[in-house]
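In: Got a sequence here, can you build the structure:
(2 chains)
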Amino acid sequence: MAEETDNKITQLRKGILELAVLAALHRRSHYGYSLVRSLTTPGSLDIKEGTVYPILARLSREGLVRSEWVESSQGPPRKYYELTASGRSVSESLKAEFGRLVLLVASAGGEPQAEPDPQGEKKIAIRRKKDE
Amino acid sequence: MSNHFTPAAEKIVADYLEKLASLLKGMNEMDRQEILAEIRSHLYESFRSDGEGDEIDRALRALKRLGEPADVVSSRVGASVTQMGKKKKSLLYILAGFLIVFFAAPLGMGGLGLVAGLLAALAGLLVAYFATAVVFVISGFLCALIGLLAIISPDIFLEINRWAGEAVFQFGPFQNHPQVAGLLTLILSLMMAALGLLMLWSGKHIWRGLRYVFRLAMDKVRSLFARGRRLG
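Out: Residues are numbered from 1 along each chain as shown, chains lettered A, B, ... in the order given. Okay, here's the model as predicted:
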């Protein structure tokens, strides 16, 4: 039973990861590792770091992000990603939709509705849900 | 490629990247190199920001956090490649399905035993195969040494024969030309060593294939047990 719950939580996180990636890139450009860091504080997310790369590749194929290699002062060059114009607009509509879904889930559970905080970081809300 | 890792960490990382590269076979070379460079860069950042323990621990932890090579490449490999992989896999699934239908299903646990037996037999064959190959290589080189010795100083063998009082070393039709015999020995034994090496080389592929079938079988058995537990 607990195993199945874990499974579902993993599925949910995976589904939301793409949205989280878009949201993070909306704030600023990232290279893979810094993106992972912005999505997780160490040890909190049990999705493997590597899973962001297939997502970035897909977003890139869809023209939602573009990338460029930038030399690093220490270590190998980093591949930076940033949202394209269409990436920005997709990210915004997904974010709005996600806000509606959160409200829907909260009200379906009979919990008092919280006003969605437009500046709020969605990933924190997700993590809190999981910890309950 | 310039090296940013310490040698031990570099070896671990290179090993991982090699596995990753083999998953990306069939992709065009430029994309492939780019992915490998990106993952290397990730591993370096991860390695650098982890301050605990020695370099090997840090490298291994970086890999653990990153996940399996399959996590890194899933769905990013072009459609054609995935198709190819699927085709190759489905052939093995058919083979596994065949084994299970013909052995496992009608015979129940006995069938599973039979499959296990088959796998054990395969493993035995594999061991014998590699043992033969290794013996070929070693004895090939040893005989080549003897042949070489016979060419350089044939007297040694005649000397030994004289000392022993009987013909320990016989050169057959080349009794009076030990150097010719030495040359023949050298050539034949080098051919044997080459055959052994060839066996080892092709064995690598056989080994990979068998490992795949074995893992597939283990997965099936595990899922069978897991299902049994859930039902029970």
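
In: Close to chain B: what parts of chain A are there?
Out: Proximity of chain A to chain B, by Cβ under 8 Å from any Cβ of the partner chain, involves residues A:31-34, A:36, A:48-51, A:53-54, A:57-58, A:72, A:74-79. C-beta coordinates here come from the backbone N, C-alpha and C atoms, glycine included.

In: Just the ones in strands from these, please.
Out: A:Tyr31, A:Arg78, A:Lys79 (DSSP state E).

In: Please tabulate those in a markdown table, including the columns neighbour count.
Out: Shown next, in a markdown table, are these (neighbours: other Cβ atoms under 10 Å in any protein chain shown):
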| residue | neighbour count |
| --- | --- |
| A:Tyr31 | 21 |
| A:Arg78 | 22 |
| A:Lys79 | 22 |
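
In: give the contact list for the residue in chain B that chain A sits nearest to.
Out: The minimum distance from chain B to chain A, using Cβ to the nearest Cβ, falls at B:Gly67 (2.8 Å). Shown in contact with B:Gly67 (Cβ atoms under 8 Å, 6 or more residues apart in numbering or on different chains): A:Lys48, A:Glu49, A:Gly50, A:Thr51.

In: Share the number of residues neighbouring the first one, please.
Out: Translated: A:Lys48. Residues near A:Lys48, counting by other Cβ atoms under 10 Å in any protein chain shown, number 15.

In: Equivalent analysis for the third one, please.
Out: Neighbour count of A:Gly50, defined by other Cβ under 10 Å: 23.

In: OK, contacts around it?
Out: Applying Cβ under 8 Å, 6+ apart, the residues near A:Gly50 are B:Ile39, B:Leu66, B:Gly67, B:Glu68, B:Pro69, B:Asp71, B:Val72.

In: Buried ones only from those residues, please, as a ChimeraX command.
Out: Selecting the buried subset of those in ChimeraX, with 16 or more other Cβ atoms under 10 Å in any protein chain shown as the burial test, is done by:
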select /B:39,66,67,68,69,71,72
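
In: Any stretches of the chain with poor pLDDT?
Out: Going with chain A. The model of chain A has pLDDT under 70 over residues A:1, A:41-46, A:109-132.

In: if you could check chain B rather than the one you did, that'd help
Out: B:1-3, B:75-94, B:96-112, B:168-173, B:175-176, B:226-232.

In: which residue is nearest the centroid of chain B?
Out: Geometric centre of chain B, nearest residue: B:Lys204, 3.7 Å, by Cα atoms, centre = their mean.

In: Residue numbers of chain B in contact with chain A?
Out: Checking chain B against chain A by Cβ under 8 Å from any Cβ, the hits are B:2, B:4, B:34-35, B:37-42, B:44-46, B:48, B:65-69, B:71-76.

In: What about those residues, which are in helices?
Out: B:34-35, B:37-42, B:44-46, B:48, B:65-66, B:69, B:71-73 (DSSP state H).

In: Buried residues, stretch A:64-84. List them.
Out: So for stretch A:64-84, counting by 16+ other Cβ under 10 Å, buried means A:Leu64, A:Val65, A:Ser67, A:Gly75, A:Pro76, A:Arg78, A:Lys79, A:Tyr80, A:Tyr81, A:Leu83.

In: Give me the residues contacting that stretch.
Out: A:22, A:25-26, A:29-33, A:35, A:56, A:59-60, A:63, A:86-87, A:90-91, B:2, B:4, B:34, B:37-38, B:40-41, B:44-45, B:48.

In: Where do the helices of chain A begin and end?
Out: Listed in chain order, the helices of chain A (DSSP H) span A:2-27, A:32-39, A:52-61, A:85-108, A:122-131.
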